[in-house]
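Visitor: sequence and computational prediction follow.
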There are 2 protein chains.
Amino acid sequence: MSRLIRRGLRWRRPYSSVAASDIDHFKTILPPHAILSTLSPSTLPVSELDPYNNDWMGKYRGRATTVLKPKTTQQVSDIVRWCASRDIAIVPQGGNTGLVGGSVPLKDELIVSLASMNTVRSFDPVSGILVADAGCVLQSLTDYVAPHNHIMPIDLGAKGSCHIGGNVATNAGGLRLLRYGSLHGSVLGLEVVLPDGTILDQLTSLRKDNTGYDLKQLFIGAEGTLGIITGVSILTPPSPQASNNVILALPHFDNVQPLYRTVKRQLSEILSAFEFIDRTAYDLAVKHGQGRGLSEEDVAGAACFVLVETSGGRREHDEEKLTDLLTNLLEADTPLINTGVLSQNPAQFSSLWALREGVTEAVSKEGKAYKYDISIPLASFKTVVDTTREQLRSKGLLGEHAVKHVLGYGHVGDGNLHLNIVAAAYTQEIQDALEPFVYELVASYRGSVSAEHGIGAMKTHALHYSKNDVSIEWMKKIKALFDPRGIMNPGKVLE
Amino acid sequence: MSRLIRRGLRWRRPYSSVAASDIDHFKTILPPHAILSTLSPSTLPVSELDPYNNDWMGKYRGRATTVLKPKTTQQVSDIVRWCASRDIAIVPQGGNTGLVGGSVPLKDELIVSLASMNTVRSFDPVSGILVADAGCVLQSLTDYVAPHNHIMPIDLGAKGSCHIGGNVATNAGGLRLLRYGSLHGSVLGLEVVLPDGTILDQLTSLRKDNTGYDLKQLFIGAEGTLGIITGVSILTPPSPQASNNVILALPHFDNVQPLYRTVKRQLSEILSAFEFIDRTAYDLAVKHGQGRGLSEEDVAGAACFVLVETSGGRREHDEEKLTDLLTNLLEADTPLINTGVLSQNPAQFSSLWALREGVTEAVSKEGKAYKYDISIPLASFKTVVDTTREQLRSKGLLGEHAVKHVLGYGHVGDGNLHLNIVAAAYTQEIQDALEPFVYELVASYRGSVSAEHGIGAMKTHALHYSKNDVSIEWMKKIKALFDPRGIMNPGKVLE
């Protein structure tokens, strides 16, 4: 019996809930307005905490009683130190825009929101190195560096709400990865409060520093399970002076690979996006009014589409390169494309992008979507979509009654396919037909079951499809080293 | 007494020396030609091991009796497992071209050379992802991807000898960092044999993979102290189609910063190098016949020089951008430069580069050099050189009898200054005047005492100038987690 209890303790640590006495202690650290709690004697309605407890998809709902909004790193440290002494579990929260339930409590963990830590600490317009509090909103940082002719190295749909700290914690990918690389390259330093309250200050603003282990890398993509990122030093690239785009219609999927090679060679350093949209995704985007691109004649006979974007230092040079590319493609003996449309003005530029970016919204208008964010070899993009469709067909699940569309789109340059299954309704039958089928399919290509969204609470059970046992064992050792009490964002990343 | 011994044991682990019985065991793992040992009954002359025991500067000399040259990851694993069971310390060795004594034994550690693991495992010309054995020579990989119109993301002087595994283990910087970023961004996966012999296979060839902690990052720059890198997956960029360069003479150092801003904005994505050479460095390069650039008239009145390189997709566009830049610079109301010379052909291109790259050789011809590879804010480049010169002057050490020149050159774009003190001879007096003075100076700017060369055996005592106590404590915890016996490259990185 005692053995059972000990096993129980070992596998399910009984975190302390936040108590009124804890609130009293937090009042010694924070001003009253930085403490939101529904615990008596407070009369704060529970609904006031909804924006912190619920993720934005409405899929995950925590039951936190208390949200703290520190303004300084020292306050974060003091909070964490107290929680460590009391075995209170913590969820670090940025803009709460994640897609895998990583930023909301699973139970009644304390939420530490970084929203009030939103000051730019320094910016050097010569080196382009920006040092900012973790709670700075991505768009506000973009606006901050713009007058200095710099841009942020990442851009994503949630930029109006997401925090730079959350971007780093989730190793956000987004639209600029092809050109500017991953955050593992562009983040130069971090300040992190470790799970015992220690402040790990690696907030260097040096582009090069080979003095010992690069510890900060561990926190990039750890989704807040190893500590709370409180400050970020990041390299911002110079702004391009001009952007252009073109949409290309391809007769066969098989042409995507040679097309990518040709485009890479001809556009070289000005290529900033090479996005793939299959025919189903394109038709849905057009049906739901997302952007306008090609005439019906252009579209007839197209198996898929590619959106190419250039960003460069001089408009006339970029246009010349893009026009020459299009001419070469169309005049080839065996053309890789049926047709291509070059944007002629900013409105057309946006309209072409809307075709690609609008797929998400079109899908949500069309039905209920099962979404998979996977990395696989480019050559297998079509096979994965087709195989998934066949799987559903073989189970009798293809048709208006169940799954209406199986489609794929994504970042070719990054090997990142967004596989979407659009159904009339979410059902267990479809779910069972898709999982673990899709994960096994991805694993058969040595792919990733989460290219950019992370693991969060959603995919802990699927981690083993992309990481082998030795890797997972070492992740657990790292977690145990940094967070032996397991109080930091429990139940996320690792089961 | 017993307490003293225990303390002794704790601080100086008594590694086992390789014994004849170990060689017998290694013979069960490796073929005879892959075992070089001077242990009886072998009659191999000790000098045969010199290339493995001595670093290329001739500064560090190990006393290893045995060098193993495995050809497979499994062999490496079997060797390490045996060493772990026997407490034999290991030095992983790549091309042995490091500058900080990180790749040779301090005593009689076993050397595991990766030189025989030199096969390209795969290359995908569409994605540009290369997977190679750790022992592949950088130049051979450059040659391998060239026919596919790709280049390696790093380039450095030692490319003809250094191994890709060593490049990753030391987080090599080099000449392409400004354009292609650090290895933390371009390395996509690693295969590592851990200090207990376990093979950690994270050799993914995915550009994006957000499934759990990015463990491989820890081994990038760990200088072989956490495990032996046996395989590398790396993203290779498309080759530029054209390269151009120009050398600019500046009247004041203060103009370097605004010049860098102007050049970044005007050249944008084609800027591939922005290198600084102070007047002393330039004069030495010219004196020792390194490259030819400017006329005497051009040089008169120049305080320093900047070499700008462009690499782009179309020669005529790049030339137009560079010519326009030069025109703008020269026709400005208050010109930032005195003059500039644009290379007109490949010979001139090389000649301009020789001015910058030849400083190293010129320095070694001029005298004995104390070299510091530091990261500091660009604005402080000149101050650091001047302050160091003043320090030597104040100690009566400036002049033909002692220190002949104090000079600076380096990668402005990376904030990386090479500070060189050229003396008539190495003396303790100069050494004492320079250290810890230079390290403290660097620390006062929150700089790095090793921008790209690493810590190795040379700078373990100086680590604390760039990393705070908390960081060093956590490095030690990471080391203890991966290598509790401390057998992997002991005495390197951490004291």
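Guide: That came through fine.

Visitor: can you get me a residue count around the residue lying closest to residue A:198 once chain neighbours are set aside?
Guide: Excluding the flanking residues, the one nearest residue A:198 by C-beta to C-beta, 6 or more residues apart in numbering or on different chains is residue B:470, at 6.0 Å. (C-beta placed from N, C-alpha, C; glycine too.) When neighbours are defined as other C-beta atoms under 10 Å in any protein chain shown, residue B:470 has 15 of them.

Visitor: which stretches in the stretch 101-250 of chain A count as helices?
Guide: For the stretch 101-250 of chain A, the helices defined by DSSP state H, counting those that start in this stretch cover A:138-145, A:164-169, A:177-180, A:183-186, A:216-219.

Visitor: would JSON lines of those helices with distance to residue B:474 and mean pLDDT be doable?
Guide: Converted to JSON lines, these look like this (distance: least, C-beta to C-beta, whole Å; pLDDT from 0 to 100):
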{"stretch": "helix A:138-145", "distance to residue B:474": "28", "mean pLDDT": "98"}
{"stretch": "helix A:164-169", "distance to residue B:474": "18", "mean pLDDT": "98"}
{"stretch": "helix A:177-180", "distance to residue B:474": "29", "mean pLDDT": "91"}
{"stretch": "helix A:183-186", "distance to residue B:474": "18", "mean pLDDT": "97"}
{"stretch": "helix A:216-219", "distance to residue B:474": "9", "mean pLDDT": "98"}
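
Visitor: looking at those, which one is packed in the most?
Guide: Compared across the helices of the stretch 101-250 of chain A, helix A:164-169 shows the largest average neighbour count, a mean of 30 (mean count of other C-beta atoms under 10 Å in any protein chain shown).

Visitor: any part of that helix near chain B?
Guide: No: contact of helix A:164-169 with chain B (C-beta under 8 Å from any C-beta of the partner chain) is absent, the minimum separation being 10.8 Å.

Visitor: what helices and strands are in contact with that helix?
Guide: Under the contact criterion of 3 or more C-beta pairs under 8 Å, 6 or more residues apart in numbering or on different chains; DSSP states H and E, helix A:164-169 touches strand A:90-93, helix A:138-145, strand A:228-235.

Visitor: could you give the angle of the helix or strand containing residue A:321 to helix B:315-331?
Guide: Using DSSP states H and E, residue A:321 sits in helix A:315-331. Using axes from the mean of the first three to the mean of the last three C-alpha atoms, to 10 degrees, the direction of helix A:315-331 lies 180 degrees away from that of helix B:315-331.

Visitor: would helix A:315-331 count as contacting chain B?
Guide: Yes: taking C-beta under 8 Å from any C-beta as the criterion, helix A:315-331 and chain B are in contact, through A:317, A:320-321.

Visitor: what's the residue of the stretch 301-450 of chain A found nearest chain B sitting at in phi/psi?
Guide: Nearest residue of the stretch 301-450 of chain A to chain B: residue A:313, at 3.1 Å (C-beta to the nearest C-beta). Backbone torsions for residue A:313, taken as degrees, to the nearest 10, come to phi -90, psi -20.

Visitor: thinking it is in contact with residue B:310, fair?
Guide: No: using C-beta atoms under 8 Å, residue A:313 makes no contact with residue B:310, being 10.1 Å away.

Visitor: of those two, who's got more company?
Guide: residue B:310 (27 against 24).

Visitor: ok, now which ones touch the more buried one?
Guide: Applying C-beta atoms under 8 Å, 6 or more residues apart in numbering or on different chains to residue B:310 gives the contacts B:243-245, B:267, B:270-272, B:318, B:321-322.

Visitor: again, only using 7 Å
Guide: Contacts for residue B:310 (C-beta atoms under 7 Å, 6 or more residues apart in numbering or on different chains) come out as B:243-244, B:267, B:270-272, B:318, B:322.

Visitor: now the helix or strand hosting it and helix B:315-331, what's the angle there?
Guide: Counting by DSSP H and E, the element that carries residue B:310 is strand B:304-312. For strand B:304-312 against helix B:315-331, the angle by the same axes, to 10 degrees is 150 degrees.

Visitor: and strand B:304-312, which strands flank it?
Guide: According to DSSP bridges, strand B:304-312 forms sheet pairs with strand B:242-250 (antiparallel), strand B:271-278 (antiparallel).

Visitor: go through those and pick out the most buried.
Guide: The most buried one of the strands paired with strand B:304-312 (mean count of other C-beta under 10 Å) is strand B:271-278, showing a mean of 24.

Visitor: ok, and what's touching that one?
Guide: By C-beta under 7 Å, 6+ apart, the residues outside strand B:271-278 that reach it are B:175, B:178-179, B:256, B:260, B:263-264, B:304-311, B:355-356, B:359, B:381, B:385, B:407-413.

Visitor: could you redo the last one with a cut-off of 6 Å?
Guide: B:179, B:260, B:304-309, B:311, B:356, B:407-410, B:412-413 (C-beta atoms under 6 Å, 6 or more residues apart in numbering or on different chains).

Visitor: tell me which of the strands paired with strand B:304-312 sits nearest to residue B:164.
Guide: Closest approach to residue B:164 among the strands paired with strand B:304-312 is made by strand B:271-278 (21.1 Å; C-beta to C-beta).
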